[in-house]
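> Following is a predicted model, sequence given first.
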Amino acid sequence: MAWYDEAVFYHIYPLGLCGAPKQNSYGAPEHRLRKLVPWISHIKEIGCNALYIGPLFESVGHGYETTDYKKLDCRLGANEDLKDFVKKCHEKGIRVIFDGVFNHTGRDFFAFQDIKKNRENSKYRDWYCNVNFGGNNEYNDGFSYDNWGGYNLLVKLNQKNPEVVEYICDVIRFWVSEFDVDGIRLDAADVLDFDFMRALRAAANEVKPEFWLMGEVIHGDYNRWVNEGTLHSVTNYHLHKALYSGHNDHNYFEIAHTVRRLYDMGGNRPEGLKLYNFVDNHDVERIYTKLQNKAHFAPVHVLLYTLPGVPSVYYGSEFGIEGKKERWSDDSLRPALNLEDFAGAVQKNSCTALIAALGKARQRLKALSYGDYRELMLTNRQYAFSRNTEDQSVIVTVNNDDREAEFTLPAGNAAAYAGVLSGVKTAVKDGKISVTLRENSGEIWEPLEEGQMPEPAGESSEEEKMIPGQNREVETAQGQEEDRAEGETVEGTEPDSAAECCSVSGPVSVPADKSYEEMTVEELQAVILEKMAENGPVTAEMRRTVEENIWHNSLVNWVKSFR
């Protein structure tokens, strides 16, 4: 067992939260990072014990065009500010991981500047991929190079160059010695070279016990990245999509199918895959914006905190703020916030109260971190499962319907269960519990100690009344569809149209002797869709995601991830 096995993460995009200028003037340090010190107590109060913060280091604009890996961005302050911040987090029992942007650098990075100056004679000409002095680009450099995502602002590092590998490993050593960081989230891990990641894992094993490497991966077989030789975890975009669309469509089959597939990917063992679970982050719209029925905030987060994996909350979403992705800007996803504007939120804001209650439950109930996963009930609108260790069996129930629902479920070896969020107690009869769940809500049922008998819950406390989904006063989005009895399914059966499936028919017209690297973007997309179809129905959303990915390297890594 390591610290990250029981982690509940808080995620901060510091340039946004601190209100830093969009462009770096490389002037004197502005000590904005100090604004985050009061947030440490807030992070602790809502039950989080780990922080993912980044990007942090000197860059041109949004933070992912690194200029200097060993210097805090001057818009945030000086290195001493970061050292002090991490120290204060550790004093509160909060682990800290940084954003590691190692796939590419900015154009102001010293190695790229040396190439611009010395061209063919630069000793760093092989630090980047496919530098071509016979080419050119929009910056009129007089040479071209590979980039990330089609942006020449982001110059792709040559991760097969031993000097580059050693330099980045030295950066990791520096971050540990200078700032005492506990891990790194690897940006764009789905396009990182696997040998490069193995070198990073070796460095991680060397620098600090239980040093955690988590990678940003969008699609594919997560086992390719999560194993003893590469990374400890990756971002769980599969579950992210299922959690919001499964509620918007009143389709718990989508969520359950995703969970089963991921659990199977981990060998059907609780320790198999510990994925980084989230419902929003700095790149995607806020969950409160995505949900058509705002009352679904409750069951979504109950699932986030109880399904297998490591839960994470993006700063501000615990207050139920909104953020819509704009075509040319992510600014609305990365706002400056004043913590004083949310004073007393745990007592006054129903969203915050729920997050705090779930955070505390997650840390207290070890079955939610180490237990197996067993599905107990499944319809379009109701879903139940258990998380079980040798010592504890916790039951989770969620309801996305606008009316209450009855659950009769097999229970563990306990005399009774208590609802962690509601305080309601129920006895075990004939090996089962029968519970009623209110509309658009969720509950975690904790086994009571031997000899404890259920008692009437009585009047709820003020904090319990604030938890969304646990009382009938919770705000519900207007204009929701009428109940559709014909749309319901019987327990344990798949609906006829679980997810507007598209079919991929016929073989892909790609020469048999053509390697993935030689294929066009269109051919790679076709192969990915074919491989998806072999694993199950291909939904319209899945097809759209493939078609919107037009980056050759990303598609090559994606198609190679299938087995």
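Nice, thanks for sending it over.
> Let's see the pLDDT reported for residue 3.
Looking at residue 3, its pLDDT reads 98.
> how close does the nearest residue to residue 78 once chain neighbours are set aside get to residue 388?
Leaving aside its sequence neighbours, residue 78 sits nearest to residue 29 (CB to CB, 6 or more residues apart in numbering; 4.4 Å). Backbone N, C-alpha and C define where each C-beta goes, glycine included. According to CB to CB, to the nearest Å, residue 29 stands 51 Å off from residue 388.
> And residue 45, by the same measure?
To residue 388, residue 45 is 30 Å away according to CB to CB.
> out of these two, which sits in the busier spot?
When neighbours are counted by other CB atoms under 10 Å, residue 45 and residue 388 differ, and residue 388 comes out ahead with 18 against 14.
> What backbone torsions are found at the more buried one?
Taking degrees, to the nearest 10, you get phi -130, psi 130 for the backbone angles of residue 388.
> Report the contact partners of it.
By CB atoms under 8 Å, 6 or more residues apart in numbering, residue 388 lies in contact with 367, 371, 372, 374, 394, 412.
> repeat for residue 272
Applying CB under 8 Å, 6+ apart, the residues near residue 272 are 263, 265, 266.
> again, only using 6 Å
Residues near residue 272 by CB atoms under 6 Å, 6 or more residues apart in numbering: residue 266.
> would residue 558 count as being in a helix?
Yes - under DSSP: H, G, I helix; E, B strand; the rest coil, residue 558 sits within a helix.
> pretty sure it contacts residue 219?
Yes - using CB atoms under 6 Å, residue 558 is in contact with residue 219, at 5.3 Å.
> And for residue 153, nearest residue in space, chain neighbours not counted?
residue 65 (5.5 Å).
> gap between the one you found and residue 341?
Distance from residue 65 to residue 341, by CB to CB: 31 Å.
> Looking at the two, which one has more neighbours?
Taking residue 65 and residue 341 together and counting by other CB under 10 Å, residue 65 has the greater number of neighbours (23 against 8).
> pretty sure the more buried one is touching residue 151, no?
No - contact between residue 65 and residue 151 fails when scored by CB under 6 Å: they sit 8.6 Å apart.
> What are the boundaries of the strands in the stretch 351-500 of the chain?
Taking DSSP state E, counting those that start in this stretch as the criterion, the stretch 351-500 of the chain carries its strands at 372-378, 382-388, 393-399, 405-410, 416-419, 425-427, 432-437, 441-447.
> Count the neighbours of residue 162 for me.
Quick note: residue 162 (other CB under 10 Å) scores 9 neighbours.
> do the one 10 residues further on as well
Counted by other CB under 10 Å, the residues lying close to residue 172 total 24.
> Tell me who's in contact with it.
Neighbours of residue 172 in contact, by CB under 6 Å, 6+ apart: residue 203.
> cool, and the one 10 residues further on?
With contact taken as CB under 6 Å, 6+ apart, residue 182 is in contact with 95, 96, 97.
> Just give me the neighbour total for the closest residue to it other than its chain neighbours.
Spatial nearest neighbour of residue 182, chain neighbours left out: residue 95 (4.3 Å); criterion: CB to CB, 6+ apart. Counted with other CB under 10 Å, residues neighbouring residue 95 total 21.
> Hmm, residue 95 is touching residue 48, no?
No - taking CB under 6 Å as the definition, residue 95 is not a contact partner of residue 48, at 10.0 Å.
> Please enumerate the shared neighbours of the two.
Joint contacts of residue 95 and residue 48 (CB under 6 Å, 6+ apart) do not exist.
> Quick check: the gap between residue 46 and residue 155.
Using CB to CB, we find residue 46 at a distance of 39 Å from residue 155.
> what helix or strand does the closest residue to residue 89 other than its chain neighbours sit in?
Using CB to CB, 6+ apart and skipping the chain neighbours, the partner closest in space to residue 89 is residue 96 (5.1 Å). Assigned by DSSP states H and E, residue 96 belongs to strand 95-100.
> Now find how far off-centre that strand is within its chain.
Distance of strand 95-100 from its chain centroid, counting by CA atoms, centre = their mean, to the nearest Å, is 14 Å.
> Describe which strands that strand pairs with in its sheet and in which direction.
Sheet pairing here is set by DSSP bridges, and for strand 95-100 it gives strand 50-53 (parallel), strand 183-186 (parallel).
> Walk me through which strands the very next helix or strand once past that strand pairs with, and which way each runs.
Next helix or strand after strand 95-100 toward the C-terminus (DSSP H and E): strand 104-105. Strand 104-105 pairs in its sheet with strand 151-156 (antiparallel), by DSSP bridges.
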